[in-house]
Structures are given as C-alpha cells and as structure tokens.
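> Kindly return the folded structure for what I paste below:
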Amino acid sequence: MSKPRYVLGAVVSDHDSAVSLLADGRPVAAINEERLCRVRRGDPRNSLRRALNYVLAEAGIALADVDLIAADTAYYYPPAGHPPIALFPDFPDPARIVLLDHHLGHAAGAFLPSPFDEAAVLTVDASGGIAPLVPDRGRWGFVPGDLAFRARGYSAARRHPTAADLLAAEPAADARNYPAESLTLGHFVRGEVLVGLESRLAESSLGYLYAIGAHFLSMEEGSLMGLAGYGGPNEFDAAFAAILTLENGGGLRLNPDWLRFWSGDRVLEDPVSLSRLAPRWFETFGAARAPDEPITARDQQFAWSLQHRLEEALVHVAAHLFDQTQSPNLCVAGGVGLNSVANQKILAQTGFQNIFIQPAASDDGLALGFALFADYVLAGLPAEKQWTMRSAATGRTYGDAECGSFVDALAAGRLPVEYLAAIPETREVTVYYAVGEGAEQTAAMAYDPATRRWRAELPVPVGAAVRYRFVSRGAPIESYCLRATAAPRSETAAERHAPEFKKFLDDHRDLAGALDGERAFVGPEQVVIDPTNRCNNNCLPCWTNSPLLGEFGPPENWHRRQMPAPLLLGLIDELAALGTRRVRLTGGGEPLLHPAIFEAVEAIKRHGMIGALTTNFSAIDEAGVRRLAAAGLDELTVSLWAGTPAVYSRSHPNKTEATFARIERLLRLYCSLKGPGAEVILANVLFSMNYQETREMFDFARRVGADGAYFTLVDSVHLRTDGLLLTPPHLKVLEGHLDEIERRAAELAAAGERFRLDNWGGFRRRLRALGAARGEYDREAVEEIPCYVGWMFARVLPTGEVAPCCRGVNLPLGRLGERSFAEIWHGEPYREFRRMAAHESKRHPYFAAIGCHRTCDNLMHNREFHRRLTALTADEKAQLRRWIVGQEDG
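Purely as a prediction, here's the structure:
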C-alpha cells in the first residue's frame, strides 16, 4: 500500500494561529492553537507547537513524513530583542516549505471544500499582506519559488511583489504587510487554475471598519452583529453613509476625515485603536462605551447603522461579482464572512442562488486553505472533489460516564453547568442563577484540570437564568470619554485678551499642541534632570550598576559622566522661562553626588517651580539634610527597596545593615524639619528578593514619618537580571500582602491620618498584566490611548542630551550646548516624535529603543493629559485651534 500524500497547512499570527493536516486531500485533523493552550487568540510565545504536535499525533506520523508544508511564514518573530524561532526545525527539507499569501488561503479554503464545481469567490476581512517583511529579510518574504508554486494553481488579480521588489521600494521596511489586501473577488472552476478577478486594498477594508466599531462599543464583532437586531433606522445612518461610500464597479472607499488606519497601500500599526478615529467620530457618536457600562439605546442604534451599512456594502460588491461571473454559486471567507446576517442579505438581494461559507472563515481557516490549495497543486488540479465539508462539528468528546452523570443530575432536579475560561490565569469563577422572578443566588465553581473547565451543579431545573463572573489577571480596557465643559467664547481679538479667556488659553496651551499634532505652544510641564551618572550603590536590579550585568552594563566612562554646574543651573533658568512647573532631579546615578545639587534645588525654588529629588539617601549627612529642608524641597523620594536592614544589605551588595540604620536616622530628621506642604515618599522596586516584605516597607515608611509609599515592579535587563522577575507564585503571594496594605491604609484614612499609596491603581494593574511574569507590564495600557508625552515632559541626561520620556534615553532628540532647550523642544526631531507617539502603535520600530511595552514610567501623566483633552467640548477645541494653533502670537 502506497504512503498517503501528507500536506500540512499552518498560519501564524498574533491571533488565530492554527495547523491542519491532509492525507490524499482529506483532513486528518485541524486545530486552532488557542484550543490547546487555553489562551484566547493563542499564545504567541509558544507559536503553534501544540497544534503541530496534535495533528501529527492524530495521523500517527512524524513531521519528516509530511510531503509539503504550506504556510504564511516559516518563522515566528517574538518581541524585540529575541531571536526568530523556527516553526518547523525538525522538517528535513526547507525546499518543501512554500509560503502563500493571505487571501489565497481564504479563497482556497472557501471553494475547495465546497460542494460546487464552479463558483464565484468573495473574501472579505480586515487585511492580509501580500508579502510580509521582517528585519531578517532572509527568513520571511516571498521568493520566486513560492510565486512559481502558487502560479501552478492560482492566477492572481494583482501582481504579487517579491521581497526584493519591496526592499527596493522600501529599503527600511520592517514587519508590516505591503501592500495589504482587504477584499478579493474570484471565479474558480475545479480542475483549472483558480482565477482572481479583483483585489482591493486597505482603504476598502470592511473588516477594520467593523472591528473598530466593535472596539468603540467594547465588544467583539459577533456581539455587535447581535446587538444590531435591537436597533432600527436612526440618525447615525447618514454618518455611516458618509464614512463608507459605494462606488461604481463594486468599489468601496472609507473617508479619512472620520478614521485613518492606512497610509497608501499599507495598514498602520494597531489599526483598530480608538486613536485611529478622528474627532469628528466622537463628536457624532459620543463617548466610547466602557466594558462594564450598561448597553444603551445609543449603542443599539450605532450597531444597527454600522451593520446596515456593512450589509449594503457587501450586497454592492456581491452584485458586481455576480455581474462579472454570472455564476449561481458563491463561496465566502474571511472574518467578515462570518457575518451571517449580511450573508443572508447577499443571497436575498443578488443573483446568487447558492452560498457556501467555510465555518472557519477567519484567519484560523487559512491553515486549511493553505493545505487544500497546496494539495490541489500537488494532485495536478483534479476536476474531481477530493473532499466536501458537510459538517462543522467541533469540541471534545463526552464519554458515556459523563453523559450518564449529566442525565442523572437533571432527573434529580439539578442543573450541571461548566465554564471554559478563555482568559489566561483565571483564578475563580462564580455562577449566578435564578428561577423565574426569584432572587438571584450564587455558587462557586470548582476547576476540573482534566477538562480545563470550571464546573458546578446548581439546585435549579433546566430553564433557569444563569450567568458567570470570573476573576483573572487580565487587565480591562479603560474607558474613553468625552465630557462636556463650559468654555468662554471669544469672537474678537480684543475679547481674546479678557482675563477669563486669557486664563483659559494659558491653561490649555499644552492641549492645543496635541490638537495641532506636532507643534508645542508652551514648554514641558515637567522635566526630569539627571545631574550625574556617578553612583555609590550597586542595587541588584539596576539597569546600569548591578553586579549581575557583566559585559551587558554600560561602558566604564558612562559612570563618569556629569553635567557641568553652569549647564545645570542655566537649564533650570531656561525651563522657568518656558513655563515649566515641575523639575525633578534624579538619574542614572545618585544626584546627591553632584557638587552643585543643593544650588540646583535652591534655583528651582527661587523660580517658584515645584522641586522634587529622587535619591538613595545614603550619600548625605546631617548638614545636607538640614540644607535640603531649608531650601523648601517639595518632594523627597527615597529609593530604598527594603523594609528591613537584612533585605537592604542583600539587595545592595556594597552596603551594610548599618547603612540602613543611618538612612532611617536621617529620614526621621528630615521628616521633622520639612515644611508642612512638603512630602516624603519611600519608593520600592519589587523583585524576587524583596517582594515578601512589602508590609515591612509600609511599616518602615510610617515609622520614619513619611507621607506615602510608592511601589513598582522590576524592569529587568534581558538575559542578565531576568532572574529577578516575579513569577506567578510570587505574584499570588504579593497580591495577598498588598490587599493587607490597602486595608491598613484605608483604616488610617478613616482615622483621619494621611498616608498616600502613590499610583496604587496603576501598580495593581501592572501586577495583573498578562505579561507581568515576563517583565512586560504595560503592553496593553500603552496602546489604549495616544501618547502625549511630547507635549508635557522631557528628560535631560548628564551629557546634555534631551530624551522625550523617562525611558527614552536611547532616543535623544538634541543636545544642550549645541542648541538651547527651547530650540530642541520646538525642533523637527521633537515634532517627529510627537507625530509618531500620538498616531503609531508602540510596536513600531521607531519605539524599539524605548521599549514602551515593558513599562511606561509616564503612563499616569499620559492618562491625565488624555482625560483633560477628551474633556474639552467641540467649542473649546475650536477656540484653541483658532487662537493658539492658528495664531500663536499676540
């Protein structure tokens, strides 16, 4: 008996990674990675290894037994700083791996398993690249061999460029898709080369429009489709008609005055972020819905109008496709192809008589489509059907014992329920149930590791109302709001100078910069200055002085860099003239080692600015403590990282327990001397050696008379201090300790004692971030809103280099001495940074030097800026645009 022809299809993405395996054209197994890793949308860190092993085990073969692999890439590219991971390292012949493009996978996956011998084909999704590129261009990008294989079975409507073509046009291209198709039309006949008729690019993307609309309502696309059934014709219909226009020849075009997620033929990073929406969108539709807010009539009408326009667009395109092909049969795929309501409208309102939608129509179905197309080519384009999909049955098998137990429970009047936790690290699930009009009751669910489900038996019959609530480490999406405020109106230049209106303009000059998009009309509100890189500590988690860094540390001369005193004091004078309100002295080193540090503090206060100092407090004596207090320093932040002498000495190898005792004595002295409005905050970076004594840190802060405490998580150096990261067991213990601290702080507040847990909410959110155990605390948070840091903040290094944010030391935008701070602040590099930060995802290569996803030390400032900006009314924005953006003098 001859060996079957095994063809494996695979798709790798940040969502819907999947693998399928065919034997002689018939499926052996096909599975989405998320069904095995139990992580919604899959687990990119493990790529598709689970799914690959699963399908091979189902066939009883090894990877070497596969005749051909068809995929979108042969490598997975982890976050920056990690090398590419081969997806098929055990496959013996790389020449038998072919890379295929996105929409071909959709089209083949729709037609080849259909019951039709001939059909029109429509694929509709957000976007799919023709030829992806990455920095290591030898690993990803179509080569002539891939294109030749595809040409044996498919005639594309658009010439698909090779990697060489794209590199010639885009020499600095990175891992984006060029160009990005969103819709393809085809006419396929079994036994012949499959023919693509037309291809549409990003500006026609129905998928992105629908996805961003769903994001606006904080729900997924399927939920939006269901919600639309509760609405009807309304005032939003005209807006969506303006957003999406229908053109001759089945054409579609999105209006960039409302949203803009594309540039030319490419899709921008993070295309469904609400930052891609123009102000006109919010002015028309109002504020975005928060996930925990009730669904309103506005939401229902919005969903109806968007769904209705999608249906009109799909009918428009499908009618054009019918005119082109005159086929009675239609095959549909792509994520939008799962919109069953729209599919029914296509069938009812066009000439098509039959329709087939591949059940896995979204990107996981590409694994099946790639395999089916590759097998179709290897089999010589057979006219006979190899296999017809007649069922979409999925899910695990329930054995006789489970079924019997279920029936017995029902007979006894109990209702067995189970819940599959799709969110990673789900810690508990509660089920709520009620019968009829009775009061709702609750029951805890127990986790069954064998089935990876949460289970309970409820004392209610079938028909009871049941809902679930889960607790996990997943961080919720924050709400976007547009709150109206009253603004004085000014119609004339004379009125503009009225005291009330002038104050309004002066108070909002920073926001006017954000409305402009790149210019700044006032200096930064806050500037951090690093006076010196010299340091007398060697804290274990330190980026620059940890003994664990070895050769990964900065060069020796880095530690000797120090800002000349005239430059430091002159900078403070210039910042005061620009309107800066707050200056913090901190650094990669210990600022108290700078010879002019006390003069700098005194200069800040002489100009009436808020002065803050971050220090380890081990390089000061009693005279220095008294001088700091006399200078009127507003905030002293002491970076201690311990609550006991023993942990302090272990985490600071060149210090002793006696050092800790000395710091305690001097802190007590400073707290007794400082002015009534001044604050002392004890800062603690938590890592694997000190996380267990947060309660002692709290007690120490109270004992010395501090006004508050600040906690944050270690920002590790890859391969050197990763061992200091907190693991899930650490995090679990820490959560319990923090609950106790929060309770004790609340008790103090109730008793009238003031003690501040600085940025407590942001810290707790970071603990629950999906990437916390990898040191990626802010991946989700930094993508939720635009970054405005370029209008409110700057950091100046000892070299005089000006960085745009706390972590931006490797992205300097100018150097003092060569240019003044004002010239740098208003210069083109700063303008470019503001444009990029406000409009691009932080995954963009421009931000690789910053590493925004690991941790953003400006996140709290950015959220406050966003709150102020979105609180402006349309009239207030118009006044700022008129009198500041359009006319900044006078």
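> So which residues of the stretch 151-300 of the chain form strands?
Along the stretch 151-300 of the chain, the segments classed as strands by DSSP state E, counting those that start in this stretch run 154-155, 177-189, 194-200, 244-247, 251-254, 262-263, 266-267.
> Repeat that for the stretch 301-450 of the chain.
All strands of the stretch 301-450 of the chain, identified by DSSP E, counting those that start in this stretch, fall at 329-333, 354-357, 415-419, 426-434, 441-444, 446-448.
> Comparing the strands of the stretch 151-300 of the chain, which comes out most buried?
Highest mean neighbour count among those (mean count of other Cβ atoms under 10 Å): strand 177-189, with a mean of 24. The way it works is simple: take the backbone N, C-alpha and C, and place the C-beta from them, glycine included.
> Out of the strands of the stretch 301-450 of the chain, the one nearest Gly463 is which?
Closest of the strands of the stretch 301-450 of the chain to Gly463 is strand 415-419, at 8.7 Å (criterion: Cβ to Cβ).
> List the residues that contact Met225.
Neighbour list for Met225: 303, 307, 339-341 [criterion: Cβ atoms under 8 Å, 6 or more residues apart in numbering].
> Just the buried ones from these, in ChimeraX syntax?
Here is the ChimeraX command that selects the buried residues among the contacts of Met225 (16 or more other Cβ atoms under 10 Å):
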select :303,307,339
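> so of the contacts of Met225, which ones are in helices?
Among those, DSSP state H puts 303, 307, 340-341 in helices.
> I'd like the strands of the stretch 151-300 of the chain as CSV, with mean pLDDT and distance to Gly380 appended.
Below are the strands of the stretch 151-300 of the chain laid out as CSV (pLDDT from 0 to 100; distance: least, Cβ to Cβ, whole Å):
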stretch, mean pLDDT, distance to Gly380
strand 154-155, 94, 14
strand 177-189, 82, 15
strand 194-200, 93, 14
strand 244-247, 96, 40
strand 251-254, 94, 37
strand 262-263, 75, 39
strand 266-267, 71, 36
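> Need the ones you listed in CSV (columns: distance to Val809).
Shown next, in CSV, are these (distance: least, Cβ to Cβ, whole Å):
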stretch, distance to Val809
strand 154-155, 49
strand 177-189, 32
strand 194-200, 43
strand 244-247, 44
strand 251-254, 39
strand 262-263, 29
strand 266-267, 30
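> Out of these, flag the one nearest Ala465.
Among the strands of the stretch 151-300 of the chain, strand 244-247 comes nearest to Ala465, with 38.3 Å by Cβ to Cβ.
> quick one: strands adjacent to that closest one?
Counting by DSSP bridges, the strands paired with strand 244-247 are strand 251-254 (antiparallel).
> Give me the residues contacting the strand it pairs with.
183, 200, 203-206, 209, 243-247, 313, 316-317.
> quick one: which of the residues you listed is nearest Asn862?
Using Cβ to Cβ, the shortest approach to Asn862 within these belongs to Leu209, at 27.2 Å.
> Just the pLDDT at the closest one, thanks.
We have a pLDDT of 95 for Leu209.
> who's in contact with it?
Contact analysis of Leu209 by Cβ under 8 Å, 6+ apart lists 243-244, 254, 259, 306, 310.
> How many residues are close by Val638?
23 (other Cβ atoms under 10 Å).
> Next, the closest residue to it other than its chain neighbours: secondary structure please.
In this structure, Val638 finds its nearest non-sequential neighbour in Phe617, 4.6 Å apart by Cβ to Cβ, 6 or more residues apart in numbering. Classification of Phe617 using DSSP: H, G, I helix; E, B strand; the rest coil returns coil.
> pLDDT wise, what is Phe617 at?
The model reports Phe617 with a pLDDT of 96.
> you'd agree it is up against Arg662?
No. In terms of Cβ atoms under 8 Å, Phe617 does not count as a neighbour of Arg662; the distance is 9.1 Å.
> before we move on, the earlier item: can you tell me which of the contacts of strand 251-254 is closest to Thr123?
Leu183 (6.8 Å).
> Please list all residues in contact with the residue nearest to the closest one when sequence neighbours are not counted.
The shortest distance from Leu183 to any non-neighbouring residue, by Cβ to Cβ, 6+ apart, is to Arg200 (4.1 Å). Arg200 makes contact with 181-184, 251-252, according to Cβ under 8 Å, 6+ apart.
> Quick one: low-confidence residue ranges for the stretch 701-850 of the chain.
Residues of the stretch 701-850 of the chain meeting the criterion pLDDT under 70: 718-719, 769-780.
> Just the strands from it, written as ranges.
Using DSSP E, counting those that start in this stretch, the strands of the stretch 701-850 of the chain run over residues 708-713, 756-758, 793-796, 802-803.
> from those strands, which stretch is densest packed?
Highest mean neighbour count of the strands of the stretch 701-850 of the chain: strand 793-796, a mean of 26 (counted as mean count of other Cβ under 10 Å).
> Adjacent strands (with direction) for it?
Checking strand 793-796 against DSSP bridges gives partners strand 526-529 (parallel), strand 802-803 (antiparallel).
> returning to what we had before: return the most buried member of the strands of the stretch 301-450 of the chain.
Compared across these, strand 329-333 shows the largest average neighbour count, a mean of 27 (mean count of other Cβ under 10 Å).
> and it, what other elements does it pack with?
Here strand 329-333 touches helix 102-111, strand 118-132, helix 297-325, helix 340-349, strand 354-357, going by 3 or more Cβ pairs under 8 Å, 6 or more residues apart in numbering; DSSP states H and E.
> List just the one of these that sits closest to Gly334.
strand 118-132 (3.6 Å).
> More neighbours: which of Phe617 and Arg662?
Neighbour count, other Cβ under 10 Å: between Phe617 and Arg662, Phe617 has more, with 25 against 16.
> tell me the phi and psi of that one?
In terms of degrees, to the nearest 10, the main-chain angles of Phe617 are phi 60, psi 20.
> mind listing what it touches?
Contacts of Phe617 (Cβ under 8 Å, 6+ apart): 592, 638-640, 663, 666-667.
> Can you add distance to Gln349 and give these back as JSON lines?
Listed next are the contacts of Phe617 as JSON lines, based on distance: Cβ to Cβ, whole Å:
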{"residue": "Leu592", "distance to Gln349": "76"}
{"residue": "Val638", "distance to Gln349": "70"}
{"residue": "Ser639", "distance to Gln349": "67"}
{"residue": "Leu640", "distance to Gln349": "70"}
{"residue": "Ile663", "distance to Gln349": "77"}
{"residue": "Leu666", "distance to Gln349": "80"}
{"residue": "Leu667", "distance to Gln349": "76"}
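> In three-state terms, label Trp454 for me.
strand.
> Could you count how many residues lie near it?
Residues near Trp454, counting by other Cβ under 10 Å, number 22.
> Roughly how far does it sit from Pro416?
Trp454 sits at a distance of 12 Å from Pro416 (criterion: Cβ to Cβ, to the nearest Å).
> Please apply the same query to Ser841.
Separation of Ser841 from Pro416 (Cβ to Cβ) stands at 44 Å.
> now His215
35 Å.
> Secondary structure of Phe149: a strand, I assume?
No. If the criterion is three-state DSSP, then Phe149 is helix and not within a strand.
> Before I go, just wanted to say thanks for your time.
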